[in-house]
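Novice: sequence unknown, structure follows:
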């Protein structure tokens with residue numbers, strides 16, 4: 001009888017436990033990100049899809065402002081031991097995040113939770129930006145982009161110019177001749193550029209296989225130094241400055257709001273910006289036809305290298321429970337599925353980060369209908385990355401990019417010569433690198 005009672009009690013307890021587990025609250029996973037407006041809505045949709053696909057975890061996404069604000073919020077949360085599970089950080093913060101001591105490397109997270117990820121299926125120029133010296137992926141790429149050249153097809157036609165090739169880039173000399181015809185046809189200006197350090201120095205250097213910094217652009221040591229005052233980069237900035245004299249180029253602002261507005265207003269026929277601008281232009285432009293071409297190259301560069309990425313990745317932060325990390329791994333694996341990557345790419349213009357998602361879209365004929373969305377992918381994957389063109393790994397890169405932007409503004413407003421500006425950018429940037437090296441050596 002006692003044995004029967006024991007069995008009955010045990011059965012009841014097991015049933016109660018099973019019942020409580022069945023109705024237990026799902027494990028919360030917090031993701032802080034910088035995606036707003038239309039991109040923010042896409043993020044919400046992806047999170048809703050994951051939450052609806054299972055009942056064990058629930059991801060709570062929170063926009064923390066722009067990139068700088070999101071990273072600053074993450075840093076403050078880490079110091080207060082209130083960090084989220086996942087923090088989105090832009091690419092220029094990679095070195096700082098890697099050496100922060102606050103991250104759980106993605107390759108290890110996925111391995112620890114039983115995911116045998118085929119990293120060879122990912123776009124390698126994207127992965128290489130977020131790998132450590134041993135080739136291990138430290139963060140999961142999310143919104144990856146590269147700069148391309150948008151142009152006003154109608155204004156080109158008005159100037160007697162044919163549409164540009166989506167595969168073969170024009171040379172900078174050819175573009176200069178085109179812009180002269182465009183300005184002469186009555187257009188207020190020829191070209192504007194967003195994110196001028198990223199597009200006109202960082203990517204210019206990568207495409208032409210010119211070192212941005214020593215030590216393989218910082219990958220081989222913190223004791224690197226900037227090299228952007230070389231004759232090729234200075235020559236390119238000098239050309240842009242010369243173009244200002246006849247309006248072939250004009251300065252529309254550091255980031256994207258100003259240059260994009262000038263392009264939409266048809267005050268400029270060419271606009272260099274991220275591929276992620278595709279979604280915005282689709283919604284904003286109603287009264288003219290625009291298209292996309294690869295970035296120009298120098299005539300002497302017969303086989304241009306790959307462009308490098310911008311955007312951001314998702315970093316997993318330390319300090320959480322094992323069962324929560326299982327949910328983080330499940331969510332990251334879900335975001336990388338072809339369905340989610342195809343949706344992300346189609347809705348925002350950012351790359352699908354896997355080759356399988358890219359192949360799936362090609363097989364469905366997506367790029368036949370939206371050919372301009374393939375331009376950035378082809379440009380970034382046209383060559384295997386070299387030691388130079390794989391990316392940049394610099395400490396305090398956010399501050400360094402701001403310094404470069406400040407120095408370039410002095411060129412545009414006639415305060416400094418291109419050589420003096422780049423010399424000063426190197427001097428000031430190296431001071432930042434030495435401070436970073438002192439802290440993290």
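Specialist: The structure has been received and is ready for your questions. Given the structure is predicted, the values throughout are model-derived calculations rather than measurements.

Novice: list the buried residues for stretch 271-284?
Specialist: Going by neighbour count (16 or more other C-beta atoms under 10 Å), the buried part of stretch 271-284 is 271-281. In this view, the C-beta of every residue, glycine as well, is placed from N, C-alpha and C.

Novice: what about those, which are in helices?
Specialist: 277-281 (DSSP state H).

Novice: pLDDT and distance to residue 370 for the buried residues of stretch 271-284 - can I get that in JSON lines?
Specialist: Output for the buried residues of stretch 271-284, formatted as JSON lines (pLDDT from 0 to 100; distance: C-beta to C-beta, whole Å):
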{"residue": "271", "pLDDT": "98", "distance to residue 370": "19"}
{"residue": "272", "pLDDT": "98", "distance to residue 370": "20"}
{"residue": "273", "pLDDT": "96", "distance to residue 370": "17"}
{"residue": "274", "pLDDT": "95", "distance to residue 370": "16"}
{"residue": "275", "pLDDT": "93", "distance to residue 370": "12"}
{"residue": "276", "pLDDT": "89", "distance to residue 370": "14"}
{"residue": "277", "pLDDT": "89", "distance to residue 370": "14"}
{"residue": "278", "pLDDT": "89", "distance to residue 370": "9"}
{"residue": "279", "pLDDT": "83", "distance to residue 370": "11"}
{"residue": "280", "pLDDT": "85", "distance to residue 370": "15"}
{"residue": "281", "pLDDT": "92", "distance to residue 370": "12"}
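
Novice: what's the most distant pair in those residues?
Specialist: Put simply, by C-beta to C-beta the two of these set farthest apart are 272 and 279, 16.9 Å from each other.

Novice: what segments of the stretch 51-200 of the chain are strands?
Specialist: 57-63, 86-90, 140-145, 147-152, 189-193 (DSSP state E, counting those that start in this stretch).

Novice: helices of the stretch 1-150 of the chain, residue ranges please.
Specialist: With helices called from DSSP state H, counting those that start in this stretch, the stretch 1-150 of the chain shows them at 2-22, 37-53, 67-79, 94-98, 106-112, 124-127.

Novice: other SSEs contacting the last one?
Specialist: Same thing as helix 124-127. Under the contact criterion of 3 or more C-beta pairs under 8 Å, 6 or more residues apart in numbering; DSSP states H and E, helix 124-127 touches strand 140-145, helix 375-381.

Novice: list the contacts for residue 109?
Specialist: Going by C-beta atoms under 8 Å, 6 or more residues apart in numbering, residue 109 touches 316, 325, 328-329, 332.

Novice: among these, which are located in helices?
Specialist: 325, 328-329, 332.

Novice: quick one: which of these has the most company?
Specialist: Compared across the ones in helices among the contacts of residue 109, residue 328 has the highest neighbour count, 27 neighbours, by other C-beta atoms under 10 Å.

Novice: that one touches residue 29, doesn't it?
Specialist: Yes: Residue 328 lies in contact with residue 29 (C-beta atoms under 8 Å); the separation is 5.7 Å.

Novice: work out for me the element the residue nearest the centre of the chain sits within.
Specialist: Nearest residue to the geometric centre of the chain (C-alpha atoms, centre = their mean): residue 311, 1.7 Å. Element membership for residue 311, per DSSP states H and E: strand 310-316.

Novice: distance between that strand and the chain's centre?
Specialist: Relative to the centre of its chain, strand 310-316 is centred 8 Å away, using C-alpha atoms, centre = their mean, to the nearest Å.

Novice: which residues touch stretch 223-237?
Specialist: Contacts of stretch 223-237 (C-beta under 8 Å, 6+ apart): 172, 200-201, 204-205, 208, 210-215, 217-218, 298, 394, 400, 404, 408, 411, 418-419, 421-423, 425-426, 429-430, 433, 437.

Novice: and those residues, which of them are buried?
Specialist: Neighbour-count burial (16+ other C-beta under 10 Å) is assigned, among the contacts of stretch 223-237, to 172, 200-201, 204-205, 208, 210-213, 217-218, 298, 394, 400, 404, 408, 411, 418-419, 421-423, 425-426, 429, 433.
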